[in-house]
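# Next input, structure requested:
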Amino acid sequence: QVPRAPSQPLAGSESRRFTNKHSKKALKASLTLGILLGMFFVAWLPFFVTNVAQAVCGCVPAGFFDVLTWLGYCNSTMNPIIYPLFMRDFKRAMGKFLPCCRRSAEPRPSAISLSVRNSNSAARAAASLKNVL
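Numbers count the residues shown, from 1 in each chain. The predicted model follows:
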């Protein structure tokens, strides 16, 4: 997409669509961030509070401290589950590189298609590929 110059104002309906699209993306990004941070605090805050209490009074049972430590470790297990659920780009990247996550109808991209997709001269590259083939 070519960015518009400031002298070209957006049409009314196009401006609303542009704003609505970006506000949905911003809402989804803040929801994902909120869930990730919320899970982090739920998993690690009890551990740190108990750690401070243990240093001050030494009144925390060892078994309870171990349970809270493992709750914090579970946060690391939850992240690979949360990211694909809420982030489409992460899900696509996992599908490209992990054979277990790839759809059967979706072939792995070849090096030529990746270079054409990433180049700015896709039309010229496609024409030169036709001449080669």
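# which phi and psi does Cys59 have?
Backbone torsions of Cys59, given as degrees, to the nearest 10, read phi -100, psi 10.
# Look at it and say how many residues are nearby.
By the measure other Cβ atoms under 10 Å, the count of residues near Cys59 is 8. Glycine gets a C-beta too; all of them are placed from N, C-alpha and C.
# do the same with Leu68
Count around Leu68 with other Cβ under 10 Å applied: 20.
# same question, Ala43
19.
# just Lys28 next, same as before
With other Cβ under 10 Å as criterion, Lys28 counts 13.
# Hmm, it is touching Arg88, no?
No - if you go by Cβ atoms under 8 Å, Lys28 and Arg88 don't touch, sitting 9.2 Å apart.
# What helix or strand is Ala55 located in?
Per DSSP states H and E, Ala55 falls inside helix 12-57.
# Show me the shaky parts of this structure.
1-18, 101-133 (pLDDT under 70).
# Please name every helix or strand in contact with the one helix or strand Ala93 maps to.
Taking DSSP H and E as the definition, one finds Ala93 inside helix 88-97. Packing partners of helix 88-97 (3 or more Cβ pairs under 8 Å, 6 or more residues apart in numbering; DSSP states H and E): helix 62-86.
# got the buried residues for the helix it packs on?
Under the neighbour-count criterion of 16 or more other Cβ atoms under 10 Å, helix 62-86 has 68, 72, 75, 83 buried.
# The third one and Leu37 touch, don't they?
No - checked against Cβ under 8 Å, the pair Asn75 and Leu37 is beyond contact range at 10.9 Å.
# Let me see the contact set for the residue nearest to Thr69 when sequence neighbours are not counted.
The spatially closest residue to Thr69, leaving aside those adjacent along the chain, is Phe47, at 6.0 Å (Cβ to Cβ, 6 or more residues apart in numbering). Phe47 makes contact with 68-69, 71-72 under the criterion Cβ atoms under 8 Å, 6 or more residues apart in numbering.
# And Phe47, how far from Cys74?
Going from Phe47 to Cys74 by Cβ to Cβ, to the nearest Å gives 11 Å.
# With that, I have no additional questions.
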